[in-house]
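# Sharing a model that was predicted from the sequence below.
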Amino acid sequence: MALASLLQCIPVGALVCGHYGRSRFRRRLLTVARAGELAGCGTGAAVVWYKHDLRVDDHPGLVAAASQYQTVVPLYVFDHRIISGLSDEMLDLLLIALEDLKELLKDQGTDLCIRFGSAEDEVMKVAIGVKATQVFVEEDLDYSIQNVINNVGSRLSSVAFPWGRPRIVLWKTPFFDIMKMKELPASYDAFQKLNLPVLHPTVAPTLSMLNVGIDRGDLPTIDDLKRYLNHGSWTNVKKLSPQTILEKQAKATEKNVLRDSFNNYSSSIHSKIVHNVRIIKSFFASKNVYQVKGGTDDVLDALSAYLKYLEGTRRDDWQELHDKMRMAESRKGSSFGVLFGASLYFGTVSRRRIHYEAIKYEKERNAGFLSPFGYSSPTVAAAVEAVCSTEWYQLLALKSHVNNEGTCSIRIWRWRGFLIQYTAAGDEGPPVIFVHGFGAFLEHFRDNICSMGKTGHRVWGITLLGFGRSEKPNVVYSEPMWAELLRDFLVDVVKEPAHLIGNSIGGYFVAATAGFWPVLVKSVILVNTAGPVVPNYSPVPLWEPRESSGFAGIGSRLLLLYLRLRAADILKKCYPTHPERVDDWLVNEIRRASYDPGAAIVLEYVFNDKRPVPLNYLVELFGGKVLFIQVCSNFYFLFFCYSTTNNYEMIITRF
């Protein structure tokens, strides 16, 4: 295929690569278009390095490689830096997706090569084995995976081979044709007014038979994979949910039984997932799993069943999906993310393919037309809104890299498939994490983070799921979910115990993290913390599950409107002695976030009032050093410290 024909399938402006990288190797990364110029004659070999793009359908990187090279080698590397954050359930689904991808590639005469180890070593070995000149890999927003890609690029470019230096070629699957990220509106409301069309998916390319003499490798079993990723008790704490810990504590006969045996629990205590149980003619890995399994064909079949929910079915597998859909519908439209979240995370189906299929079905229901008054099926609406919302947060993340409008350098962490923004400062010293309050974001601590990073600390600030420019998915938000997010951030990003500082509701989440996973926390500072104090609580309190309601939906939208109108006044009450801190940037960012898709869903948390676990219970469960900083009347501040000896040190001062 000529380069001009290739570019008709892949918008060049949407495939700009390396624009967010800060590595010294960014200039060595090529766009797909530039790669075509270098390949030219259509001979030689290329490697397609799979990560979160486990498909053949709508795969621009595979299309580009197949159109330019005679030999294309698909490769997947089990690198612990890429997959170590996955749960056992997700690892199982990953293996199923890879198995289906491998079979699909075999049907086309080629195969998927499997490797274990560091991507730097394994990609280099395969590139040498097939004499590849380019390695195609999907652009990634996750900061840690960006570093892996940059390291691979550095390794490839450090050695000269007779056939030339292999180079990294970044590609992505654009949802909208956006030419300049710097001109992207910051507000979703303004972005919607652009009415940008969604690009159509590309067809699967024709691949040549893989005749190179390299070892294909075998897929591991789930047990082999878990042994490979086993790093001991540090990562095993992620297998303990707050509810499990509370239930275990309630059964304990001595106060410290939980803490003494904390690292000895196995995942079987709380896991309701039965792994490796295959159900014939089912979309799911087991009866207790709600994530759709399989490759592209199976996922598209499940999507068809989901979209046609209102039509009913006689197929057992479709009926099973409809049953799980109803159980997963904790709030309107949330079942789509539950069922297809893993498929989107692993890239077995692209977002624009889902959009295309949903719109096609909607037109079939309406004689080829789309109504200006909304979609005729709630499942179509859920699918379209989910993928459009996800794409918006992808664009926000890219914009944060290209045109950082705040004072902190933004990084991205992918948590359970959702994009979380954070920042880091300092190269050495004790680790410290700042956690903001309700409706805020990491920039509220911008001066604290920068100054502490310069004075002998390693400092992180995180924007929690549902706030700021982090993703706001259609889920029911709860205290356990946010606590688990902080737990996983400590394990996956910080990678060592840290001092936690939380403000307002962020203080409560910090206390919960420290209480349930004390091995992850060195000390806690709670600034104007939220959370009830209940003397003489009995028995051990349990979290009540939150459920969405019509009242919560109406209340959240009214609160959102009030926030937009009175953002400046509300913020000034938070800065009574320094009102100048409420600058235009802070006010505008609060208002901007209020227009994000899913913002109203987050605010439903305020109205779904369930009695949380008492703050004093969490502090006692932690048993370590805790500093409270609480505002009193007349702008007095009360400081008191709590330790394992139950002694309090109280200091009152005035500012």
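Right, received. Where do you want to start?
# Against residue 441, how distant is residue 572?
18 Å (CB to CB, to the nearest Å). (Glycine included, C-beta is placed from N, CA and C.)
# Those two: which has the busier surroundings?
residue 441 (24 against 15; other CB atoms under 10 Å).
# So the more buried one versus residue 135, what's the distance?
Taking CB to CB, one finds residue 441 at 36 Å from residue 135.
# again with residue 591
Residue 591 is 43 Å from residue 135, by CB to CB.
# and the two? which has more neighbours close in?
residue 135 (26 against 16).
# in what helix or strand does the more buried one lie?
strand 132-138 (DSSP states H and E).
# What's the first helix or strand after that strand?
Criterion used, DSSP H and E; the element after strand 132-138 is helix 143-157.
# what sits against the residue nearest to residue 141 when sequence neighbours are not counted?
Once flanking residues are discounted, residue 141 sits nearest to residue 412: 4.4 Å by CB to CB, 6 or more residues apart in numbering. By CB atoms under 8 Å, 6 or more residues apart in numbering, the contact set of residue 412 is 141, 142, 143, 397, 400, 419, 420, 421, 422.
# got TSV for the residues you listed, with pLDDT, neighbour count and distance to residue 354 too?
Converted to TSV, the contacts of residue 412 look like this (pLDDT from 0 to 100; neighbours: other CB atoms under 10 Å; distance: CB to CB, whole Å):
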residue	pLDDT	neighbour count	distance to residue 354
141	95	19	19
142	96	22	21
143	96	18	26
397	92	23	20
400	81	22	25
419	97	21	18
420	97	27	22
421	96	26	24
422	96	22	28
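# Out of the residues you listed, which two are the most distant from each other?
Maximum pairwise distance in the contacts of residue 412, criterion CB to CB, is 13.3 Å, between 142 and 400.
# In this protein, mark out all the strands, start to finish.
45-50, 71-78, 113-116, 132-138, 167-171, 411-415, 418-425, 431-435, 458-462, 498-503, 521-527, 625-631, 636-642, 648-654 (DSSP state E).
# is it possible to export those strands to CSV including distance to residue 64?
Output for the strands of the chain, formatted as CSV (distance: least, CB to CB, whole Å):
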stretch, distance to residue 64
strand 45-50, 9
strand 71-78, 10
strand 113-116, 19
strand 132-138, 7
strand 167-171, 6
strand 411-415, 24
strand 418-425, 25
strand 431-435, 41
strand 458-462, 36
strand 498-503, 42
strand 521-527, 47
strand 625-631, 55
strand 636-642, 59
strand 648-654, 64
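# And those: which comes nearest residue 211?
Using CB to CB, the nearest of those to residue 211 is strand 71-78, at 7.3 Å.
# quick one: that closest one to chain centroid distance?
24 Å (CA atoms, centre = their mean, to the nearest Å).
# Pull the contacting residues for the nearest residue to residue 214 once chain neighbours are set aside.
Spatial nearest neighbour of residue 214, chain neighbours left out: residue 129 (4.3 Å); criterion: CB to CB, 6+ apart. Counting by CB under 8 Å, 6+ apart, residue 129 touches 212, 213, 214.
# okay if I get those as a markdown table plus distance to residue 112?
Output for the contacts of residue 129, formatted as a markdown table (distance: CB to CB, whole Å):
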| residue | distance to residue 112 |
| --- | --- |
| 212 | 14 |
| 213 | 16 |
| 214 | 12 |
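# about what we covered before: next one: the residue nearest to residue 141 from residue 488, what distance?
Residue 412 is 15 Å from residue 488, by CB to CB.
# Show me which positions of stretch 371-378 end up buried.
Residues 375, 377, 378 are the ones in stretch 371-378 that count as buried (16 or more other CB atoms under 10 Å).
# Go ahead and confirm the last one touches residue 333.
Right, residue 378. Yes. With contact defined as CB atoms under 8 Å, residue 378 and residue 333 form a contacting pair (6.9 Å).
# where are the low-confidence patches of the stretch 551-655 of the chain?
Applying pLDDT under 70 to the stretch 551-655 of the chain flags the ranges 609-611, 632-655.
# Please give me every residue in contact with residue 415.
Going by CB under 8 Å, 6+ apart, the list of residues near residue 415 reads 85, 465, 485, 488, 489, 492.
# Sorry, slip of the keys, the one I care about is residue 374.
Neighbours of residue 374 in contact, by CB under 8 Å, 6+ apart: residue 381.
# Make 678 the first number, not 1, from now on.
I'll keep to 678 as the first residue from here, and by that count the last item is residue 1051.
# export stretch 1191-1211 as PDB, just CAs?
Provided in PDB are the C-alpha atoms of stretch 1191-1211 (Å, rounded to 0.1, in the frame of the first residue of the first chain):
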ATOM      1  CA  ALA A1191      -3.700   3.700  57.600                       C
ATOM      2  CA  GLY A1192      -6.300   1.700  59.700                       C
ATOM      3  CA  PHE A1193      -6.800  -1.100  57.200                       C
ATOM      4  CA  TRP A1194      -3.300  -1.400  55.800                       C
ATOM      5  CA  PRO A1195      -1.000  -0.100  58.500                       C
ATOM      6  CA  VAL A1196       2.100  -1.700  57.000                       C
ATOM      7  CA  LEU A1197       1.800   0.900  54.200                       C
ATOM      8  CA  VAL A1198       1.800   4.000  56.400                       C
ATOM      9  CA  LYS A1199       4.500   5.500  58.600                       C
ATOM     10  CA  SER A1200       2.400   8.300  60.100                       C
ATOM     11  CA  VAL A1201      -0.800  10.300  59.500                       C
ATOM     12  CA  ILE A1202      -1.500  14.100  59.500                       C
ATOM     13  CA  LEU A1203      -5.200  15.000  59.400                       C
ATOM     14  CA  VAL A1204      -6.000  18.600  58.500                       C
ATOM     15  CA  ASN A1205      -9.600  19.600  59.300                       C
ATOM     16  CA  THR A1206     -10.500  16.000  58.800                       C
ATOM     17  CA  ALA A1207     -14.000  14.700  58.100                       C
ATOM     18  CA  GLY A1208     -15.400  11.600  59.700                       C
ATOM     19  CA  PRO A1209     -17.600  11.000  62.700                       C
ATOM     20  CA  VAL A1210     -16.200  10.400  66.200                       C
ATOM     21  CA  VAL A1211     -18.300   7.800  68.000                       C
END
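# pLDDT on that stretch, on average?
Averaged over stretch 1191-1211, pLDDT sits at 94.
# before we move on, what about stretch 1138-1154?
For stretch 1138-1154, the per-residue pLDDT averages 96.
# distance between the ends of it?
20 Å (CA to CA, to the nearest Å).
# One more: stretch 843-853?
30 Å.
# centre of the chain versus it, how much separation?
Distance, centroid of stretch 843-853 to centroid of chain: 20 Å (CA atoms, centre = their mean).
# and residue 1256, what does it touch?
Contacts of residue 1256 by CB under 8 Å, 6+ apart are residue 1249.
# per-residue confidence at the nearest residue to residue 815 once chain neighbours are set aside?
In space, and not counting its chain neighbours, residue 815 is closest to residue 730: 4.8 Å by CB to CB, 6+ apart. pLDDT, residue 730: 97.
# from memory residue 730 sits against residue 738, does it?
Yes. Here residue 730 reaches residue 738: they are 7.0 Å apart, a contact under CB under 8 Å.
# where do the contact lists of those two overlap?
Both residue 730 and residue 738 are contacted by residue 815, under the criterion CB under 8 Å, 6+ apart.
# the domain parsing of this structure - what is it?
719-849, 973-1068, 1081-1211+1226-1330 (the TED database).
# quick one: residue 1253 and residue 1308, what's the gap?
9 Å.
# Comparing those two, which shows the higher neighbour count?
Neighbours around residue 1253 and residue 1308, counted as other CB under 10 Å, are more numerous at residue 1308. The numbers are 13 against 9.
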